[in-house]
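Q: sequence plus predicted model, see below.
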Amino acid sequence: MAAPARTASDAPALRASGLSRRFGARVALRDVGFAVSPGELVAVIGPNGAGKTTLLSILAGIQSPDAGAVERPSGGVGWVPQQPALYSKLSVAENLRLFARLERVADPEAAVERMLAQADLADRARDEVGRLSGGNRQRVNIAIGLLADPAVLLLDEPSTALDPRQRERLWDFVGGLTGRGTGIVYSTHIVQEAERYADRVLVLADGELIFTGTPRELEAESGASGVDFEAAFVRFLHERGH
Ligand SMILES: Nc1ncnc2c1ncn2[C@@H]1O[C@H](COP(=O)(O)OP(=O)(O)O)[C@@H](O)[C@H]1O
Ligand SMILES: [Mg+2]
C-alpha cells in the first residue's frame, strides 16, 4: 500500500508549543516548542533526567502538560515507549492482533499483515515474543506503534537495548519510514547516534530546549574543533551551565 508522497516542505506533521510540566517542585519541562515536518527525522538528546521521556509522552498524549499545546495529525501519532507492554507468551502476530483490537484499528487483520510485512517480521509471525532477539522484539514494538499508520512516530530510547548490528537494522528501518513521509521523533542519550541519524537535533537540558538545529550546527555552536561529536556536545552543555 503506497502512501501518498509527502515532502519536508509540507505543513508541519506535528507542532508543540509552550509545553511545561512539573512534578511537585521539580520542573521536568519548561516552555518547550517545536514542529516536525513530514519525513523529518528529529533526535531529542540530553542527559538522563533532562525531560526526554516526559516530552515524548506528552507529544504522544500519554501525559498531559501543565501548560502548552500539541497539534497532532488527524490520524494521531504512533508511540513506541521505552518499556513496552508485550505479552511474552503470545506470538508476534497475536501481540499485533491484540494491540490492533485495543487501538480499534478499522481492519485488524489487514493491519497485522501490513505490519508484519512493513517490519519485516512475516517469518517471525508465529514465534513467541519471549523467545525473540532484542532486535526483533524492538521491531514488534515499532510495528505496534505503526498499527494505525500514523503520520508521526515517537520513539523513546529505541536503540538503548540493541547491539550495534541490531541498531543499524533499526535505523535502516526508520530510514524507510521517513522515506515514505513519516515524521519521526526519537530520544537518545547516545549522542553519536543523533549525529548519524537525524536531520535535526533538539537538545534538552533540565527541561529546557537549549538548541535546535543540525548536528553540524550543534558542533559549530559548541566552538569545539578537532573533537568528536560527543565531546562537542558535552562542551556545549557545559558552556550553558549544564
Ligand atoms: N512520574 C514522575 N514523578 C516524579 N518525577 C518525575 C516523573 N517523571 C519524570 N520525573 C522527573 O522529571 C525529570 C525528567 O524526567 P524524564 O522525562 O524521565 O527524563 P529523561 O527521559 O530525559 O531521562 C526528572 O527529574 C525525573 O526525575
Ligand atoms: Mg527517558
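A: Good, I have the coordinates. Numbering: from 1, shown residues only. Ligands and ions are numbered 1, 2, ... in the order given.

Q: residues from this structure in reach of ligand 2?
A: 52-53 (C-beta under 5 Å from the ion). Using the backbone N, CA and C atoms, a C-beta is placed for each residue, glycine as well.

Q: and K89, how far from ligand 1?
A: Taking C-beta to the nearest ligand atom, to the nearest Å as the measure, K89 falls 29 Å from ligand 1.

Q: repeat for T188
A: With C-beta to the nearest ligand atom as the criterion, T188 and ligand 1 are 10 Å apart.

Q: quick one, what contacts the residue of the chain found nearest ligand 2?
A: Residue nearest to ligand 2 within the chain: T53 (3.2 Å; C-beta to the ion). T53 makes contacts with 82, 156-157, 187, as judged by C-beta atoms under 8 Å, 6 or more residues apart in numbering.

Q: list just the nearest of the residues you listed to ligand 1.
A: Proximity of these to ligand 1, judged by C-beta to the nearest ligand atom, is greatest for S187, which lies at 6.4 Å.

Q: can you count the residues close to the closest residue in space to that closest one that isn't next to it in sequence?
A: Of all residues beyond its chain neighbours, the one nearest S187 is K52 (3.8 Å), with distances taken as C-beta to C-beta, 6 or more residues apart in numbering. Other residues lying near K52 total 25 when counted by other C-beta atoms under 10 Å.

Q: next: R124.
A: 21.

Q: my guess is it contacts L96. True?
A: No - the pair R124 / L96 is not scored as a contact, 10.8 Å apart, by C-beta atoms under 8 Å.

Q: strands of the protein, residue ranges please.
A: For the chain, the strands defined by DSSP state E occupy 14-23, 26-36, 41-45, 67-71, 77-80, 152-156, 183-188, 200-205, 208-213.

Q: which one of those strands lies nearest to M115?
A: Among the strands of the chain, strand 77-80 comes nearest to M115, with 10.9 Å by C-beta to C-beta.

Q: returning to what we had before: which one (most neighbours) among the contacts of T53?
A: Top of the contacts of T53 by neighbour count (other C-beta under 10 Å): S187, with 25 neighbours.

Q: that residue contacts I45, doesn't it?
A: Yes - using C-beta under 8 Å, S187 is in contact with I45, at 7.4 Å.

Q: joint contacts of the two?
A: Counting by C-beta under 8 Å, 6+ apart, the residues touching both S187 and I45 are K52.

Q: end to end, how far does stretch 78-86 reach?
A: 16 Å (C-alpha to C-alpha, to the nearest Å).

Q: burial of A205, as a residue count?
A: 19.

Q: actually R165, not the one I typed
A: Around R165 there are 9 residues (other C-beta under 10 Å).

Q: quick check: it vs G135, distance?
A: 8 Å (C-beta to C-beta, to the nearest Å).

Q: one more: L147?
A: In terms of C-beta to C-beta, L147 sits 20 Å off from G135.
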